[in-house]
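> Sequence and computational prediction follow.
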Amino acid sequence: MAYYRKLFTASLRFASTYGRGLVTASLARERLAKLSSSLKKNWISLSVAGAICAVPIAQVEVSHEALIKRASSLVTDSANTYLSQTTLALVDSLTQYAKAIRMLVALHRRYKASASRLPPADEEAVWQILLQQREEVGMRREDCKRFESNWMTAINLSELAAEAAYNAGADQASVAARSSLDLAQSQVEHVRQLSLQAENDLSEASALDSPRILPSADPSTADEDEEIPEAYLRED
């Protein structure tokens, strides 16, 4: 009986050991399968990466002509911006100059028509206003000269930029620069004609250099003095 009990115990141990061996072997086979799959994937990735690295990547080279063309377009854009700003400044200065001239001519005409009849205090006030307006005209003229100098520089730059763009093959940039030039010149020419007409009116009125008209102290006495010689001649 003791013999069979030992034999049964030994059988249980063998079965347990054999079962653990089977489990361990099964786990080993699963790990081995996973490792094999991982190695296969890594090998495929390395193969693909190696193939990509092996393929030469073509470097895009920009020609000198393309770079010059692009640079000429940038130059025309900058020249157009400078031209538009100087054109705006010159047009505004010419407009203000013409307005100042018209105001001076109007004040001068009123002064000539009424200065001799005004009281001395009123004549003095009107004369001071006339002098201030003359100074205003002079300041506006200087502004026109300064802005016209900047505008002429912008015109020259735009012409050079348009020519450079045309030579570089940037036809669209060249056409845009020419259009900006034509527009700027037409705008300035229109306002310049108005200022020239105002200058002609100023010259005809002599409003810049006409002398001061002092009112007479007693207009009635002056009239009597003018009539005395005629009465004296009648008595002769």
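It's in.
> can you pull out the strands in this protein?
Remark: no strands are assigned in the chain by DSSP state E.
> Lowest-scoring secondary structure element of it by mean pLDDT?
helix 219-235 (a mean of 41; mean pLDDT, DSSP states H and E).
> buried ones in stretch 202-218?
Neighbour counts over stretch 202-218 (16 or more other CB atoms under 10 Å) mark 202, 205, 207, 215 as buried. (C-beta placed from N, C-alpha, C; glycine too.)
> Let's see which of those residues end up in helices.
Mapping the buried residues of stretch 202-218 onto helices (DSSP state H) picks out 202, 205.
> Any chance of TSV for the buried residues of stretch 202-218, columns distance to Gln132 and pLDDT?
Listed next are the buried residues of stretch 202-218 as TSV, based on distance: CB to CB, whole Å; pLDDT from 0 to 100:
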residue	distance to Gln132	pLDDT
Leu202	16	94
Ala205	17	90
Ala207	13	90
Pro215	20	72
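> Pick out whichever of the buried residues of stretch 202-218 sits closest to Arg134.
Ala207 (7.6 Å; CB to CB).
> Does that closest one touch Arg110 like I think?
No - contact status for Ala207 versus Arg110: not in contact, 10.9 Å apart, counting by CB atoms under 8 Å.
> closest to Leu130 among the buried residues of stretch 202-218?
Ala207 (8.0 Å).
> Now do the contacts for the closest one.
104-105, 107-108, 134 (CB atoms under 8 Å, 6 or more residues apart in numbering).
> repeat that with 6 Å
Contacts for Ala207 (CB atoms under 6 Å, 6 or more residues apart in numbering) come out as 104-105, 108.
> residues near Leu88, how many?
Neighbours of Leu88 under the rule other CB atoms under 10 Å: 14.
> same thing with Ala165?
28.
> try the one 10 residues further on
Applying other CB under 10 Å, we find 14 other residues in the vicinity of Val175.
> Do you know the pLDDT at it?
Model confidence at Val175, given as pLDDT, is 95.
> returning to what we had before: most neighbours among the contacts of Ala207, please name it.
Highest neighbour count within those: Leu104, with 23 neighbours (other CB under 10 Å).
> The nearest residue to that one once chain neighbours are set aside: what's it in contact with?
Distance criterion CB to CB, 6 or more residues apart in numbering; nearest residue to Leu104, sequence neighbours excluded, is Gln133 at 4.5 Å. Residues near Gln133 by CB under 6 Å, 6+ apart: 103-104, 107.
> just Asn156 next, same as before
Asn156 neighbours (CB under 6 Å, 6+ apart): none.
> quick one: it from Asn167, how far?
Per CB to CB, to the nearest Å, Asn156 is found 17 Å from Asn167.
> same thing with Val126?
As for Val126, its distance to Asn167 is 61 Å (criterion: CB to CB).
> before we move on, what about Trp127?
Per CB to CB, Trp127 is found 61 Å from Asn167.
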